[in-house]
Structure formats: structure tokens, C-alpha cells
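Participant: Quick one, structure for this:
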Amino acid sequence: MSKYTIIVCDHIHQSGLDLLEKDTEVEVLNLAHLPKDELKKELHKADVTITRSSTEVDEDFLEHCPKLRAIVRAGVGVDNVDIESSSKRGVVVMNVPTANTIAAVELTCAHILNAIRNFPDANAQLKNDRKWKREDWYGTELKDKKLGIIGFGNIGSRVGKRMKAFEMDVITYDPYINPAKATDVGVTYTRNFDDILSCDIITIHTPKNKETINMIDVKEIGKMKEGVILINCARGGLYSEDALYAALESKKIRWAGIDVFTKEPAIHNKLLDLKNLYVTPHIGANTLESQEKIAIQAAEAALEAARGSSFPNALNLPIKENELPNFMKAYLELVQKMAFFAIQVNRDEIRSVSLEAEGEVREYLPSLSTFALVGILNATIGDKVNYVNAPYVAKERGIEVKLEGKESCGIYKNQIKLTLLTQNGTFSVSGTVFNENTPKIVNINNFALDIEPKGKMILFRNDDTPGVIGFIGTTLAKHNINIADFRLGRYGKEALALIVVDSAISQNILDELASLEACISIKYAVL
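Facilitator: Numbers count the residues shown, from 1 in each chain. Here you go, the predicted structure:
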């Protein structure tokens, strides 16, 4: 089998490069050192590219990528990627939205603390002016103050939890979450935006879109209390900079902590002239830990996209994501991985695909079925399948698709069951999502398991007799194969082991494992 080619266009942390280079199924070209004109000469080789902000992914870039299937933006922002042109060419655009979460959370908290205690100015007076004037630096305390959080996603929710530790009264406005996400951690949930505007400190953690640009403007500031503090470490333009300037100048807003601006670099922004503004140059992701996480997650996404097993955090899929609840993204990724796993361990002609969705996810069966078909067909016919044509390709190949929704789903709030009917029988796999973003396979052919669909996986089915686990461990150890995870399910007089290993498994090793008398079947899949 020919290798996929992943081209790294910009510098990423070495941990991400190490992960890519360790995979035997891909060829990695790290071309971050090349001038962009030289880089373009190599792009014809790319199945997947990894970029950062210094590479402009425009029409010209895409013209040089005839076989490109995916672009991974190693970071959150995709302002430098022409998503529309990518979509027209069938190229999936992905980003890495959560790797810098903790870094952004902690920077937000730092800006809040700076604003109430004036640390930067106190530091400058003592160090630069050599003045010891304690009376200049009376701040306020967070205890019993009211913090308003606009947007209670990955970052906003974590800011809320940390500020609760300061004994603050925390309230959030986010019409797209289940209120229990806030109330379960002791945060007040409101649907009235004016409740936020009455807070002592306000911080915003939303994406930048038509709904949120200038979300805080003259009208909203007019409703705020005198001496309010505003924080923005999310995206420039969520606060109107003109309105912010006027309110800071009049002291309506006592202090502001800003990490992001409408136009960057913001070295000539008039806000910098104000004394009651603390600024940082868009450093929300600038920690060593977050840069390593970004690189690793970008590498993992690139590998999955190259194989076609899934496209994590895709931004241009043929569904209207704003019409889907947040929890559905994880289920879409899960069902594609389940399908990709199922077809790898059942390399037979597919007669039909059945998909059962239980719980709230049943309302989104059409989208789930599209992702399932992409997972199945990518493993069988490769690059020619995308999220738009997958249902038509399945129909052309005579694959019947059956969908069934059920209201009740037993022990799980939501569950998906995928069943393949092949010429040699049926194979089913079920999954759910824990904690909103952790996908798990929970059942395979009636064997109850609990494992994340990720990595190099051996599926070992056997008569339930003593010594099997020891034989597996000994055999893998003999070949210097380390076991990363081992899950066992039992059904009747049989057992099913799902073993995740750190290294690729050769056919010789699989044959050796299959030689055990108790072995019924052995399969291998890579997700």
C-alpha cells in the first residue's frame, strides 16, 4: 500500500513531528523552513497539510495541491484559510480548538487579577521609578463581587470554576448550552443579557461571528454600572473598540484587560494610549504546554484525515453546524470512527448498513448516517468519497442504508449502534460520548466494553478459558510490542479482548496470536 504524504508547512512543536514520523503509514515532509514560493513546488505531493498563521491557504495555494484531501490548521483561528474555495475542491478544513484552553483560561484570570489589584503599574513604579508608595495601590477584592461570563464553553466554564474559588458570585449567559452545565458547578444561568451587564466584572468567551461582533457596544455599556471591569481574551471585535475607548476615557469602565484586537498587530491602536487598560499581544495560546498540545492534536488530526477514519473539528462539512447542538459534533466523529473500525475488521462485501440512534441523537440520524458512510467508504474506495457524495456512492454500490431512532436508550443518555451486513454475516458496534467530548465504544457484537476508539487496535475473540490473556501479553512482549490499553468483554462462553498497542502489528504477529487453540478470530484496525 502506498503511503500518504503529510506536509508540514509551518513550524510546530517537536512532539507533533515525532508523532507523525513514528507512523509507518505516512511520509512526512517537514517543509516549514522553506520560503513559501519553494514550499508551493512541493505541495503536489500532499494528501494532508498542517499549517499555522504564516501560510496563506488561498486559491493559489490550493492550485498547487491536486490531491489534497484535508488541511489542518494547528490552532484555533482559520482567518488565513479560504474555506469556501477549499470546500469547492472537496478539501476538508480542520482546526485545533481546545489545545490552548487552559492557557486562555489562565490568561483571562490573570487579566482579572491585574485589573482589580493594578499589579503592572505597581510593579513599574517600584522597579522603574524606585518609589515605595503603597498608598497608590489600593485595589478591590474578588470575594462577593459578581462576575458575568458571556459564553460558557470550554474556556468560559473553566474561568467560572476558577473564579468560584475566589468566592465570587458567577453568572453566565449562553443560549446554546444546557443550563445544567452552569448550575451543576454552582454558576447562575440567565437568559436575560441585562443580568450580565449589571455585573462588577464581565468577560467574554464566544466565537467571532455575525451574532457576536460588537456584542458589547454603546447601548450595552450604557446599562453597565459605574466602574465596571471588562475582559476580552477571546477574539478582537467582540467589544466595539470605539465604544470601549470612550467608556474607558470617561471612567465608566474602570479598567479593561484586552489580549485581542480588531486589527493585529495592534501597535497603533488608540486604546494603547489609555492608562486604565491592560493589554497583552494576543498571547492566549502562548504557553509551552499549549504549543505541545496543539502540535500533538494537529498531528493526530492529520493522521486520521490521511487514513480517512475521521476529520476531527472539521469546519466545512455539509451540515449547518449552527443548527446542531454542541454535543452532536462528538457523536458525528464517533460514528465515523465506529464505521471505519467496523469495515477494517470486516473486509467483506457490504450488503447493508443499519444505524440505530437512541436518545436525543435520534433527531440527527441523516447527518449521522452520512458520517458513517464516509467512514465505511473511505476505507474501501478512498479519496473519491466526501460528505456530499457518500450517500450517492453507497447507493451506486448497492449498499442499503437503514435508519432507526429510539426514544429510550437504557443506561446511556444517548447511544449509537452501527450494524454491517456483509456476505459473511453481521457485525455490530455501539458507542456513546462521556463528558460531552470523550467518545467510547461500549459494545461489540454483544460484548460489553468501554474503550476510546483511537490508536492501533487488536480485536481478539476466543473461547473463555484460562491462560488467554497471559498468552497475548507474552506474545506481544516477545515482539517488543507495548500494550497501551486492554479491555475485555464476556458473552456466553466466549470472550472478546480489545487491545490497544503502541507499535504497528505485522501479519506474522497476528498469525502467531491466532495459533492459540482458544482463538476464534483475530482482527486488526488502526484509527
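
Participant: Please look at Val93 and Arg69 and confirm they touch.
Facilitator: No - between Val93 and Arg69 no contact is recorded; they are 11.0 Å apart, counting by C-beta atoms under 8 Å. To be clear about C-beta, it is placed using only N, CA and C from the backbone, and glycine gets the same treatment.

Participant: list residues touching both of those two?
Facilitator: Residues touching both Val93 and Arg69 do not exist when contact is defined as C-beta atoms under 8 Å, 6 or more residues apart in numbering.

Participant: Do me a favour and get the end-to-end distance for stretch 129-140?
Facilitator: Looking at stretch 129-140, the gap from its leading to its trailing residue is 24 Å under the measure C-alpha to C-alpha, to the nearest Å.

Participant: Oops, could you answer that again for stretch 166-174 instead?
Facilitator: Distance across stretch 166-174, first residue to last, is 22 Å (C-alpha to C-alpha).

Participant: Can you point out the buried residues in that stretch?
Facilitator: If you call a residue buried by 16 or more other C-beta atoms under 10 Å, then stretch 166-174 has these buried ones: Phe166, Met168, Asp169, Val170, Ile171, Thr172, Tyr173, Asp174.

Participant: neighbours around the residue lying closest to the last one once chain neighbours are set aside, how many?
Facilitator: Looking back up the chat, that one is Asp174. Using C-beta to C-beta, 6 or more residues apart in numbering and skipping residues adjacent in sequence, the residue nearest Asp174 is Phe152, 4.2 Å away. Counted with other C-beta atoms under 10 Å, the burial measure for Phe152 works out to 26 neighbours.

Participant: Contact partners for Phe152?
Facilitator: Contacts of Phe152 by C-beta under 8 Å, 6+ apart are Gly160, Thr172, Asp174, Ile177, Lys181, Ala182, Val187, Tyr189, His205.

Participant: Distance check, the closest residue to His44 other than its chain neighbours against Lys478.
Facilitator: Counting by C-beta to C-beta, 6+ apart, His44 lies nearest to Pro66, which is 5.9 Å off, once chain neighbours are set aside. With distances taken as C-beta to C-beta, to the nearest Å, Pro66 is found 45 Å from Lys478.

Participant: Kindly report the same for Ser250.
Facilitator: In this view, Ser250 and Lys478 are 76 Å apart by C-beta to C-beta.

Participant: Tell me how many other residues surround Ala165.
Facilitator: 9.

Participant: got the end-to-end distance for stretch 63-83?
Facilitator: Using C-alpha to C-alpha, first and last residues of stretch 63-83 are 14 Å apart.

Participant: And it, what's buried?
Facilitator: When burial is assessed from 16+ other C-beta under 10 Å, stretch 63-83 yields the following buried residues: 65, 68-76, 78, 80-82.

Participant: so, if you compare those, which one comes nearest to Leu244?
Facilitator: Taking C-beta to C-beta as the measure, Val76 is the one of these closest to Leu244, at 22.5 Å.

Participant: okay but that closest one is in contact with Met94, surely?
Facilitator: No - counting by C-beta under 8 Å, Val76 stays clear of Met94, with 11.4 Å between them.

Participant: hey, where'd the strands end up in the stretch 251-400 of the chain?
Facilitator: For the stretch 251-400 of the chain, the strands identified by DSSP state E, counting those that start in this stretch occupy 253-258, 277-279, 350-358, 400-406, in order along the chain.

Participant: Go ahead and measure how far stretch 264-280 is from the middle of the chain.
Facilitator: 31 Å (C-alpha atoms, centre = their mean, to the nearest Å).
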